[in-house]
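J.: can you look at this prediction? I've put the sequence above it.
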Amino acid sequence: MDLLRVAMDVRMKVMVPVHTFGEPAGVKVQGGVFEVVTREVEVECLPADIPTEFRVDVSGLMLNAQLRAGELQFDTSKIKLITEPERVLAHVVTLKVEEEKPAEAVAAETATPAEPEVIKKGKKEMEGEEDGEDQGAQRRRFARARDSLDSRRDFDQRTVYLIAGQTFLSVLRELATG
């Protein structure tokens, strides 16, 4: 087994978890849904200065408000944020309520199904695009795709219960008033 020595005077890049606490006002007062989009940020610092985590109070987060990586509080003389400052870490959003369509519109949609458009790309065109794209753009595109997958994966059971509860309450209100 090989052992590595860590140089305490050389800055290193590390991923640090971001933990949120508190109930956002946008959820409590405005009926929104709190969603964590990114759970870690990359920082550069000396090994002795590596934070174990970033704890962020989100109780002031209102509806349609976002917490971004650039808003994290840390000592900028010791720690440098590598993650893009505009990266969304968490936000409070509204649920989209799908309106029921009239029977005529539903019948018109099901009567004539649309054929999907097939787009083919030649092998030479694809190779040319890959060669022209710089490595930084590829990394950013990959990071956006990863964050998108993480946000879908992070849609945990509590959020599902919250949505079901809000739907149940709206049905009860309709029954009570109707």
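T.: Received it, and whenever you're ready, just let me know what you need. Residues are numbered from 1 along each chain as shown.

J.: pLDDT-wise, which helix or strand of the protein ranks last?
T.: Least confident helix or strand of the chain, by mean pLDDT, DSSP states H and E, is helix 123-132 with a mean of 49.

J.: now the chain, which segments are flagged as low pLDDT?
T.: Applying pLDDT under 70 to the chain flags the ranges 1-3, 97-134, 142, 145-173, 176, 178.

J.: show me where it has strands.
T.: For the chain, the strands defined by DSSP state E cover 12-21, 33-36, 40-45, 54-57, 66-68, 80-81, 88-93.

J.: ok, for residue 7, nearest residue in space, not its chain neighbours?
T.: Distances taken as CB to CB, 6 or more residues apart in numbering place residue 47 nearest to residue 7, at 7.8 Å, with adjacent residues excluded. Every residue, glycine included, has its C-beta placed from N, CA and C.

J.: next, count neighbours for that neighbour.
T.: Residues near residue 47, counting by other CB atoms under 10 Å, number 13.

J.: how about it, what does it touch?
T.: By CB atoms under 8 Å, 6 or more residues apart in numbering, the contact set of residue 47 is 6-8, 10, 12.

J.: go again with 7 Å.
T.: 6, 8, 12 (CB atoms under 7 Å, 6 or more residues apart in numbering).

J.: need those in CSV with neighbour count and distance to residue 69, can you?
T.: As requested, the contacts of residue 47 are exported to CSV (neighbours: other CB atoms under 10 Å; distance: CB to CB, whole Å):
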residue, neighbour count, distance to residue 69
6, 8, 26
8, 8, 26
12, 13, 19
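
J.: tabulate those residues (JSON lines), appending distance to residue 60.
T.: JSON lines is the format used below for the contacts of residue 47 (distance: CB to CB, whole Å):
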{"residue": "6", "distance to residue 60": "38"}
{"residue": "8", "distance to residue 60": "37"}
{"residue": "12", "distance to residue 60": "33"}
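
J.: nearest to residue 174, of those?
T.: residue 12 (57.5 Å; CB to CB).

J.: ok, now how distant is residue 139 from residue 42?
T.: 12 Å (CB to CB, to the nearest Å).
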